[in-house]
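A.B. asks: Pasted the sequence and its predicted model underneath.
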Amino acid sequence: MHWKSFYFLPLPGALFFLPFLFNVAAVSGAVNRSIDDTLGDSVTGQRPIFLPTTSGTWEDETCAGKFLSVYPLAFGGTYTAATYNPGLQNISITFDFTGTAIYVYFILANNPAPGITATTAANFTLDGSLVGTFNHSPNTSTSAPDFQFNQSALAFSKAGLKNITHQMVVSTSGLSEDVWVNFDYALYT
């Protein structure tokens, strides 16, 4: 019996430290999660919804002979792009996330070949409210990179959100010119 009592003696001391372990977990820093165009949400696996679903509207990095060929600098090696014209009425990308901040990254084009649409424009609607727009005109300077990726292609960001589930819609609604939209990924915290 004495051995069993000794064996359980440390347990009350361990219980004393247990609340401290939970507090350490509660004060740990925020973590960024990704939503890749093809691989989806790094936590839920949910993929963005690209509309319209008409064949040939949205293309990915495997589409041979298109303006943007495979680029290993794209997040996860993938992207999804479409050339919008007013006849389409609207193209959109929709995804949900739970967090306090969102960052949306495009791939932006510079120095396009003649006749190629490379201007990028989009509206950003968060939880049903228009919260921002983005416009990029190609930089035709010979010193400009042909494409911009990652941090240099941040199209939208919003911090200070409530830590609840949000819906982001990236769209061309209301645009009257041809534009190229290339969604690479989003990060949320």
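C.D. replies: Yep, it's here.

A.B. asks: packing partners for the top strand by length along the chain?
C.D. replies: In the chain, taking DSSP state E as the definition, the longest strand is strand 179-188. Identification of packing neighbours for strand 179-188 by 3 or more C-beta pairs under 8 Å, 6 or more residues apart in numbering; DSSP states H and E yields strand 33-36, strand 80-84, strand 92-99, strand 102-106, strand 108-109, strand 120-126, strand 164-171. Glycine gets a C-beta too; all of them are placed from N, C-alpha and C.

A.B. asks: Repeat the analysis, applying 6 Å as the threshold.
C.D. replies: With contacts defined as 3 or more C-beta pairs under 6 Å, 6 or more residues apart in numbering; DSSP states H and E, strand 179-188 has these neighbours: strand 33-36, strand 80-84, strand 92-99, strand 102-106, strand 120-126.

A.B. asks: and it, how far from the chain's centre?
C.D. replies: Relative to the centre of its chain, strand 179-188 is centred 6 Å away, using C-alpha atoms, centre = their mean, to the nearest Å.

A.B. asks: so where is this structure shaky, pLDDT-wise?
C.D. replies: Scanning the chain for pLDDT under 70 picks out 1-28, 64-72, 150.

A.B. asks: at 80 instead, please
C.D. replies: The chain contains residues with pLDDT under 80 at 1-29, 62-73, 111, 113, 140-152.

A.B. asks: Any chance of CSV for the helices and strands packed on strand 179-188, columns distance to residue 47 and mean neighbour count?
C.D. replies: Below are those laid out as CSV (distance: least, C-beta to C-beta, whole Å; neighbours: other C-beta atoms under 10 Å):
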stretch, distance to residue 47, mean neighbour count
strand 33-36, 8, 20
strand 80-84, 10, 22
strand 92-99, 8, 19
strand 102-106, 15, 23
strand 120-126, 19, 20
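
A.B. asks: want to throw the ones you listed into CSV with distance to residue 132?
C.D. replies: Shown next, in CSV, are these (distance: least, C-beta to C-beta, whole Å):
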stretch, distance to residue 132
strand 33-36, 17
strand 80-84, 18
strand 92-99, 14
strand 102-106, 9
strand 120-126, 4
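
A.B. asks: Of these, which is nearest residue 177?
C.D. replies: Closest approach to residue 177 among the helices and strands packed on strand 179-188 (C-beta to C-beta): strand 120-126, 7.6 Å.
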